[in-house]
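[1] Dropping the sequence and predicted coords here.
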Amino acid sequence: MRRRAVLTAGALAAALALTGCSASAADSDSKAARLSVSSPYMPQPVSADMAAGFLTITNEGGAGDELTSVSSDVAGQVTMHSTTGGAMAEESSFRIPAHGRLVFRSGGNHLMFEQLKRAPKQGQTVSVKLTFAKSGPLTVEMPVKSATYNPSTGH
């Protein structure tokens, strides 16, 4: 009987220790950024050397992160821009708050694909690599839509 009590106590202690590890692992995961991308698209470029790109980055984690660079095999460089009060400015990075979003949309923050190596056509996709200060990079397949595409109507 004493042996069973010792075994039971040992098993209980082991279970509690594992539960403690699981809880601390979950706590540390919730304090990290958890990034995902939605609604990516590129309007078919009307210029031979430049195009724009739009997407939303959502952070469901408990820590913020920062988008530090964007690259694509279709362009010599991809720059990030903000638009405030009609004035466009190139940005070196964008913050993505914990439990928040970073939105790139027409008339606001946007990506500029410069020095195009080929002209993306409607129906094709463009591969885009997003690099962050803390999280690993994300590669996104960005569909090329019509030059007049409006995401709110789907046309």
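    Everything's here; your move. It should be emphasised that the depicted structure is a prediction, and the values quoted were computed from it without experimental measurement. Numbering: from 1, shown residues only.
[2] ok, now how distant is the closest residue to Gly108 other than its chain neighbours from Met42?
    Among residues not flanking Gly108 along the chain, Thr83 sits closest, at 5.4 Å (Cβ to Cβ, 6 or more residues apart in numbering). Yep, even glycine has a C-beta here, placed from its N, CA and C like the rest. As judged by Cβ to Cβ, to the nearest Å, Thr83 and Met42 stand 17 Å apart.
[3] confidence score at Asp29?
    On the pLDDT scale, Asp29 is placed at 53.
[4] how many neighbours does Asp49 have?
    Asp49 is flanked by 13 other residues according to other Cβ atoms under 10 Å.
[5] My error: substitute Phe94 in the last question.
    The burial count for Phe94: 18, using other Cβ under 10 Å.
[6] tell me the secondary structure for Lys121?
    coil (DSSP: H, G, I helix; E, B strand; the rest coil).
[7] what sits against it?
    Contact analysis of Lys121 by Cβ atoms under 8 Å, 6 or more residues apart in numbering lists Gln44, Val144.
[8] For it, grab phi and psi.
    Backbone torsions of Lys121, given as degrees, to the nearest 10, read phi -110, psi 150.
[9] what's the spacing between it and Val140?
    According to Cβ to Cβ, Lys121 stands 18 Å off from Val140.
[10] Comparing Thr83 and Met42, which residue is more hemmed in?
    A count of neighbours by other Cβ under 10 Å puts Met42 above the other of Thr83 and Met42, at 25 against 14.
[11] Confirm for me that the more buried one is in contact with Val144.
    Yes. With contact defined as Cβ atoms under 8 Å, Met42 and Val144 form a contacting pair (5.0 Å).
[12] Would you mind grabbing the residues shared as contacts by those two?
    Shared contacts of Met42 and Val144 (Cβ under 8 Å, 6+ apart): Pro120, Val126.
[13] check contacts around the spatially most central residue of the chain.
    In the chain, the C-alpha nearest the mean C-alpha coordinate belongs to Ile57, at 4.0 Å (Cα atoms, centre = their mean). Residues near Ile57 by Cβ under 8 Å, 6+ apart: Leu35, Ser36, Val37, Leu67, Ile96, Arg101, Leu102, Leu130.
[14] so it is in which element?
    Using DSSP states H and E, Ile57 sits in strand 50-59.
[15] the domain parsing of the chain - what is it?
    By the assignment in automatic domain parsing, the chain contains the domains 1-30, 35-145.
[16] quick one: Thr131 and Thr84, what's the gap?
    From Thr131 to Thr84 the distance is 24 Å (Cβ to Cβ).
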